[in-house]
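**Q** below is the structure, and that's it, no one-letter string:
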């Protein structure tokens with residue numbers, strides 16, 4: 001009688017251990033499955049879309065995120081910054097983004113502010129000359145290496161190319177083209193996706 005109880009007790013322990021092990025394997029598999037929904041670092045480097053939280057950005061603030069191994073700028077322009085683009089129209093080399101439009105500027109960004117929403121510039125922060133990364137020079141007015149009537153924008157430190165606050169290159173500079181505007185879309189008032197739009201991924 002006592003031997004039967006010992007055997008039953010042993011079976012219960014074995015059954016319990018098997019259930020625990022099976023549950024652990026199941027949870028591990030579920031965790032692995034859920035992780036596949038998130039883009040891996042390799043997928044991001046290959047060009048997987050990147051979601052950016054833009055909630056709380058103040059006018060004049062710029063964020064930089066990485067997409068396809070490149071820096072992408074998200075600049076929230078103030079009303080004054082947007083207004084300045086009218087002043088630079090005549091001074092930039094390609095005001096309507098007509099050069100290489102399919103490569104550099106999606107159709108919805110072929111406008112004066114080169115964006116979906118006038119207050120937001122989304123641009124790849126790489127100079128079209130030799131691939132240096134320009135620096136932000138948002139303050140208007142005379143400054144070293146900039147004209148006296150500078151309205152704000154970007155300066156490439158390598159060879160002096162200048163870009164306005166829409167990423168449009170000024171005339172007679174080494175850079176041949178405007179900064180690239182990647183495919184992007186707003187999924188809400190507080191979130192932006194880079195590398196994807198209504199037509200699909202870049």
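**A** Perfect, thanks for sending it. Just so it is clear, the model here is predicted, and its values are computed rather than measured.
**Q** give the helix, strand or coil label for residue 175.
**A** coil (DSSP: H, G, I helix; E, B strand; the rest coil).
**Q** show the contacting residues for it.
**A** Neighbouring residues of residue 175 by C-beta atoms under 8 Å, 6 or more residues apart in numbering: 127, 128, 129, 156, 159, 161, 163, 169. (C-beta placed from N, C-alpha, C; glycine too.)
**Q** from residue 123, how far out is it?
**A** Look at residue 175 and residue 123: by C-beta to C-beta, to the nearest Å, they are 13 Å apart.
**Q** farthest-apart pair in the contacts of residue 175, please.
**A** 159 and 163 (12.7 Å; C-beta to C-beta).
**Q** circling back: can you turn the buried part of the contacts of residue 175 into a PyMOL selection?
**A** Buried residues among the contacts of residue 175 (16 or more other C-beta atoms under 10 Å), as a PyMOL selection:
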select buried, resi 127+128+129+156+161+163+169
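**Q** columns secondary structure, pLDDT and distance to residue 109 on top of the contacts of residue 175, output as CSV?
**A** Output for those, formatted as CSV (DSSP: H, G, I helix; E, B strand; the rest coil; pLDDT from 0 to 100; distance: C-beta to C-beta, whole Å):
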residue, secondary structure, pLDDT, distance to residue 109
127, coil, 93, 18
128, coil, 90, 16
129, coil, 86, 21
156, coil, 94, 21
159, coil, 86, 25
161, coil, 94, 20
163, strand, 96, 15
169, strand, 96, 15
